[in-house]
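> Return atomic coordinates for the entry below.
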Amino acid sequence: MPIAYCLLPIAYCLNFFTHALSFLMSEESSKKHILFIINPISGIGNHHGVEHLITERLDSARFNSSIIYTNSQGHASEISREAAADGVEIIVAVGGDGTVNETAAGLIGTESALAIIPAGSGNGLARHLKIPMNKKRAIDVINHGKVQKIDTATINDQLFVNLAGVGFDASVAKKFASAGKRGFSTYFRITTNSYKNYEPKQYTLVIDGKVIKRRALLISFANSNQFGNNTSIDPTASIDDGFIDVCIVGKMPYWKALLLAPLLFLKKFDQTKYIEIIRAKEVVLKRKKGKSIHLDGDPKTMGKELTMRINPLSLNVIVP
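Next up is the predicted model:
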């Protein structure tokens with residue numbers, strides 16, 4: 001028998017395996033790349049078990065996934081920036097608003113999309129976007145969700161995505177960051193203990209060219225309707241309208257603050273006389289001293305003059 005006939009079965013086998021390998025490689029290359037950035041100290045230990053849930057719940061037929069844990073402040077921004085440059089389609093922030101802020105910072109203006117698995121204390125942006133607080137269901141959103149473009153903003157060129165502010169809430173954010181225990185109960189205790197002795201401050205604001213002066217308990221720059229922990233001082237805020245809502249809140253007597261506090265949860269605080277809301281694209285805020293501000297709940301120290309600018313539709317996010 002000619003040797004060629006003997007080699008035919010081998011040739012057929014090689015051809016079969018070549019086609020099979022090509023098919024498998026094609027299937028792999030068609031999958032989306034997804035990176036999970038996990039903050040191991042976010043919230044109150046809410047990241048535990050996330051790796052197992054990712055393995056169990058993420059659609060492996062659609063995604064090739066990898067996981068990186070952050071090890072320092074700012075690390076999430078470095079990771080997300082490098083991932084976006086490498087063409088990773090979806091970068092998932094597993095943490096609270098601070099982790100979301102850092103992760104988003106590396107994705108502004110790129111084609112990569114931010115997804116969120118809430119694991120923080122307030123989870124403001126996730127709540128606004130209707131992302132479930134349950135981690136399994138949050139992963140389901142990644143499996144089946146869609147991409148939406150949202151606005152972001154900066155204060156003195158530092159990013160915020162959900163909310164930023166000066167005054168009382170910035171003071172509380174600073175104390176909360178140094179508290180030994182996280183969670184709503186700690187935030188509530190710091191807020192109630194600090195309120196009585198906090199004196200409103202005088203601010204000058206140039207809002208889209210118009211000058212106003214206000215004495216305020218706090219001034220919030222709201223991109224979303226979430227103040228955190230499912231509370232709101234500005235229920236009508238929109239995250240994709242090209243504006244930031246400047247929320248100027250006056251101080252009320254302590255007893256009245258206790259009576260009106262439930263309106264934050266009922267999304268009706270904007271109906272009180274203690275808040276003024278002005279939509280803006282650019283704001284210059286001037287104060288007597290350089291003090292604390294907060295960006296998405298994380299305290300920062302900045303000077304006497306702050307410039308806020310909107311970045312319309314600058315970030316892709318995965319939403320239900």
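> low-scoring pLDDT stretches of the stretch 151-300 of the chain, where are they?
In the prediction, the stretch 151-300 of the chain carries residues with pLDDT under 70 at positions 180-183.
> what about the residue nearest to Pro40 when sequence neighbours are not counted, how many residues close to it?
Nearest in space to Pro40, with sequence neighbours left out and distances taken as Cβ to Cβ, 6 or more residues apart in numbering, is Tyr69 at 5.4 Å. For every residue, glycine as well, the C-beta is placed using N, CA and C. Tyr69: 16 surrounding residues under other Cβ atoms under 10 Å.
> ok, Tyr69 touching Ile41?
No: applying Cβ atoms under 8 Å as the test, Tyr69 and Ile41 come out as separate, 9.9 Å apart.
> in stretch 171-191, what's buried?
Ser171, Val172, Ala173, Lys174, Lys175, Phe176, Arg182, Gly183, Thr186, Tyr187, Ile190, Thr191 (16 or more other Cβ atoms under 10 Å).
> check contacts around His128.
Going by Cβ atoms under 8 Å, 6 or more residues apart in numbering, His128 touches Asn162, Ser224, Asn225, Gln226, Ile239.
> Tell me the most packed of the residues you listed, by neighbour count.
Counting neighbours by other Cβ under 10 Å, Asn162 comes out on top of the contacts of His128 with 32 neighbours.
> give me phi/psi at the residue nearest to Pro40?
phi -90, psi 140 (degrees, to the nearest 10).
> Any figure for the gap between it and Ala76?
Relative to Ala76, Tyr69 is positioned 10 Å away (Cβ to Cβ, to the nearest Å).
> Can you tell me the SS state at the residue nearest to Val283 when sequence neighbours are not counted?
The spatially closest residue to Val283, leaving aside those adjacent along the chain, is Met308, at 4.4 Å (Cβ to Cβ, 6+ apart). Three-state assignment for Met308 (DSSP: H, G, I helix; E, B strand; the rest coil): strand.
> cool, Ile108 as well?
coil.
> Quick check: can you list the domain ranges of this structure?
For the chain, the structural domains run 31-144, 159-311, going by automatic domain parsing.
> how about the closest residue in space to Ile190 that isn't next to it in sequence, phi and psi?
Once flanking residues are discounted, Ile190 sits nearest to Lys175: 4.9 Å by Cβ to Cβ, 6+ apart. Lys175 adopts backbone torsions of phi -70, psi -40, taken as degrees, to the nearest 10.
> can you check Asn229 too?
When quoted as degrees, to the nearest 10, the phi and psi of Asn229 stand at phi 60, psi 30.
> So what's the residue count around it?
The tally of other residues near Asn229 (other Cβ under 10 Å) stands at 16.
> In contact with the residue nearest the centre of the chain, which residues?
By Cα atoms, centre = their mean, the chain has its centre lying nearest to Val100, at 3.5 Å. With Cβ under 8 Å, 6+ apart as the criterion, the residues that contact Val100 are Ala93, Leu114, Ile116, Gly120, Leu125, Ala126, Val161, Asn162, Asp296.
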